[in-house]
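**Q** Build me a model from this:
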Amino acid sequence: MGIESSMYAGISGLNASAQQMSVIGNNLANVDTVGYKQQTINFEDLVYASTPTGAGTGQLGQGVGVEDISTDFSQTGYQTTTNPTDLAVSGNGFFVVKDPNTNAQYYTRAGNFSIDKNGYLINPQDDVVQGYQVDNNALRADEASGQTVTQVPTEGALTDIKTDVLSLAAQSTSAISLASNLNSESTAGSTSTTEPFFSMFQNYDYNSKQPTTSPLASTAFDYQNTVTVYDQRGGSHTVSVYYDKVSDVGGKEYWQYMVTTTPSDDGRTFDINGTQTAMNSNSKAGVLMLGTMVFDDTGKLQNETAYTLNSNSLSNPVSNLSDWSLARLSSSGYPVFTANFRGVSGANTTSASNAVSMSLNLGMHATGTTWNTTATTADQIGLSHLSNASLLQGFNPATAIVNTTATTNYDAASTTVLQSQDGYAPGTLQSVAVDGNGVLSGTYSNGQDRPLYVIALATFRSEWGLTRDGSNLFSQSLASGDALIGRANTGTYGSIESDTLESSNVDMASEMVSMITTQRAYEANSKTITTADQLIQETLALKT
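**A** I've put the predicted structure just below:
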């Protein structure tokens, strides 16, 4: 041990200071880099050498070395943009991107994404953002059943996000939801001494020679809902639901309803007594469903029935109620009807193989797919049921479910509370948007907003163990552990902000102070070397 060791200690100090200056310079160079996470350098003293002293043995230091260069993953501020595909993670998580050439997977906090000519959501390095495809069939089923969708359902494994659905195909209407208040002070518009619950149907009379004349007089019903629905090619049609009060007995109110479409749009064909008959030429053309509703003494919907033409071969005229049997129930427990708008073969009844059917949600549904009533055909409900309404209990009263929003019978003006249907005409993609849950949706020219993908986020057991790969990218390592991939706003994953970019977390003021102290440390270590050199020179001068 001698003067030379002090020179080596100084050299190690110079090297350490130089590396620290490199880290500082890199941080300052990336002060405006989107999503950049600053680095910090830590030092450690080197191994010590033993040397004899008057007190025994002492230790002489050998200088300094770099202990580690770590990443500061603390979150910083955001900058607002006007690009909906500029994204930022608020909280834990990294975006997941994949190199399309090597299939290598990377992770980044920089969400400056864009859509390329092929529809892929990419970063500036052309890596494709990863996510989960939305299961629109499951989503539609949830919506049709009246369930509140708290989380958009997905299907399949992690995949490239590709907004190539530039055109949205038409979707035929499969579910109609209507909720109205039917004024309890109303009086019956249609009456019948034999079929009081289907008197509107008896009064309905379509004349194909006078197609512009309404088949049901405006005085023959109390209230009407009209909704536009769509066939399988996106053609629009009108479905109307007529309501009329039947009676008020024992505090309960009994109403009838009838579902119709424009007679000329009725594409069903039936074999009536051996003769093929097109419904659009029949006096009951356009009538799709008949039914009853019962309201309790508080004005709430208590039960309902629904009847449709369920056979291709009828032995009586369509006007005969014996041919109108209990409607098929959807998997969600709502009655179903069809109009066969396109006149497709094998699609005239809801049970036919090619049927395009629609369910009607008036605010109540069964818990299964079977009816409770023994009135299997409409003709079994007659005048006597004004006082004995057991056959009007279409659903099992013990298990039937009344929705939060349902048809009511309060002492207030008749009005529509809810009206919706799930069909639409074809459309083209106009724009995309991303919500806080990472759901990327497309807005189309037909007014539809359809969720397409859920953007994935990744977390790690030790994010400090990630390997920096440049271009704002990280890759997993043994030190970081495998990526834990999930959805925003679930578990420990943060939310996603749209039209926003995460700023660099470099603190310029702190870096400038570190630069000054590093410069002084470098100067001090250089003085150690020059001083040691002078001492050596003095030693060499002893010879002369």
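**Q** A helix includes residue 11, no?
**A** Yes: counting by DSSP: H, G, I helix; E, B strand; the rest coil, one finds residue 11 located in a helix.
**Q** Please report the number of neighbouring residues for it.
**A** Look at residue 11: counted by other C-beta atoms under 10 Å, it has 15 neighbours. Where you see a C-beta, it was placed from the backbone N, CA and C, and this is true even at glycine.
**Q** quick one: pLDDT of it?
**A** Here, the pLDDT recorded for residue 11 equals 72.
**Q** Check the gap between it and residue 25 for me.
**A** Between residue 11 and residue 25 the distance is 21 Å, computed by C-beta to C-beta, to the nearest Å.
**Q** And for residue 400?
**A** Using C-beta to C-beta, one gets 73 Å for the distance from residue 400 to residue 25.
**Q** Look at those two and report which has more neighbours.
**A** residue 400 (19 against 12).
**Q** give me every residue that touches the residue nearest to residue 295 when sequence neighbours are not counted.
**A** In this structure, residue 295 finds its nearest non-sequential neighbour in residue 409, 3.7 Å apart by C-beta to C-beta, 6 or more residues apart in numbering. For residue 409, the contact set (C-beta atoms under 8 Å, 6 or more residues apart in numbering) comprises 181, 182, 184, 253, 255, 295, 299, 300, 301.
**Q** quick one: the helices in the stretch 51-200 of the chain?
**A** Ranges of helices within the stretch 51-200 of the chain are 136-144, 199-203, based on DSSP state H, counting those that start in this stretch.
**Q** now for those, which one comes closest to residue 373?
**A** Of all those, it is helix 199-203 that lies closest to residue 373, at 18.1 Å by C-beta to C-beta.
**Q** Can you name the next helix or strand after the closest one?
**A** Following helix 199-203 in sequence order, the next helix or strand is strand 223-230 (DSSP states H and E).
**Q** how far does that following strand sit from the chain's center?
**A** Centroid separation for strand 223-230 versus its chain: 27 Å, with C-alpha atoms, centre = their mean, to the nearest Å.
**Q** pLDDT averaged over that strand - what is it?
**A** Across strand 223-230, pLDDT averages out at 97.
**Q** Which residue would you name as the spatial centre of this structure?
**A** Centroid-nearest residue in the chain, with C-alpha atoms, centre = their mean: residue 152, separated by 3.6 Å.
**Q** Just the pLDDT for it.
**A** Confidence at residue 152, expressed as pLDDT, is 88.
**Q** Hmm, it is touching residue 132, no?
**A** No: between residue 152 and residue 132 there is no contact under C-beta atoms under 8 Å: 9.3 Å.
**Q** is it true that residue 440 touches residue 161?
**A** Yes: Residue 440 lies in contact with residue 161 (C-beta under 8 Å); the separation is 6.6 Å.
**Q** what is in contact with those two at once?
**A** Counting by C-beta under 8 Å, 6+ apart, the common neighbours of residue 440 and residue 161 are 121, 131, 452, 453, 455.
**Q** which residue ranges form the strands in the stretch 301-450 of the chain?
**A** 301-309, 313-314, 324-326, 336-338, 357-361, 364-365, 401-402, 415-421, 427-434, 439-444, 449-459 (DSSP state E, counting those that start in this stretch).
**Q** okay, now the domains of this protein?
**A** Domains of the chain are assigned by automatic domain parsing as 3-74+505-543, 79-167+427-502, 175-421.
**Q** Contact partners for the residue nearest to the centre of the chain?
**A** Applying C-beta under 8 Å, 6+ apart to residue 152 gives the contacts 134, 139, 437, 439, 451, 454.
**Q** repeat that for 7 Å
**A** If you count contacts by C-beta atoms under 7 Å, 6 or more residues apart in numbering, residue 152 has them with 134, 139, 439, 451, 454.
**Q** For stretch 259-269, C-alpha coordinates in PDB please.
**A** C-alpha atoms of stretch 259-269 as PDB (Å, rounded to 0.1, in the frame of the first residue of the first chain):
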ATOM      1  CA  VAL A 259     -98.200  -5.400 -30.800                       C
ATOM      2  CA  THR A 260     -98.400  -4.500 -34.500                       C
ATOM      3  CA  THR A 261     -96.300  -3.400 -37.400                       C
ATOM      4  CA  THR A 262     -97.100  -1.700 -40.700                       C
ATOM      5  CA  PRO A 263     -99.400  -4.200 -42.500                       C
ATOM      6  CA  SER A 264     -97.400  -4.000 -45.700                       C
ATOM      7  CA  ASP A 265     -94.200  -4.900 -43.800                       C
ATOM      8  CA  ASP A 266     -95.700  -8.100 -42.400                       C
ATOM      9  CA  GLY A 267     -93.800 -10.800 -44.300                       C
ATOM     10  CA  ARG A 268     -95.400 -13.900 -42.700                       C
ATOM     11  CA  THR A 269     -97.200 -16.500 -44.700                       C
END
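**Q** What's the mean pLDDT across it?
**A** Averaging pLDDT along stretch 259-269 gives 96.
**Q** Show me what counts as buried in that stretch.
**A** For stretch 259-269, the neighbour count (16 or more other C-beta atoms under 10 Å) marks 259, 260, 261, 262, 263, 265, 266, 267, 268, 269 as buried.
**Q** With adjacent residues omitted, what lies nearest to the second one?
**A** Counting by C-beta to C-beta, 6+ apart, residue 286 is the residue found nearest to residue 260 once chain neighbours are left out, at 4.6 Å.
**Q** Distance-wise, check the one you found relative to residue 459.
**A** Counting by C-beta to C-beta, the gap from residue 286 to residue 459 is 58 Å.
**Q** what about the two, which has more around it?
**A** A count of neighbours by other C-beta under 10 Å puts residue 286 above the other of residue 286 and residue 459, at 25 against 19.
**Q** who's in contact with that one?
**A** By C-beta under 7 Å, 6+ apart, the residues touching residue 286 are 206, 215, 260, 261, 262, 263, 266.
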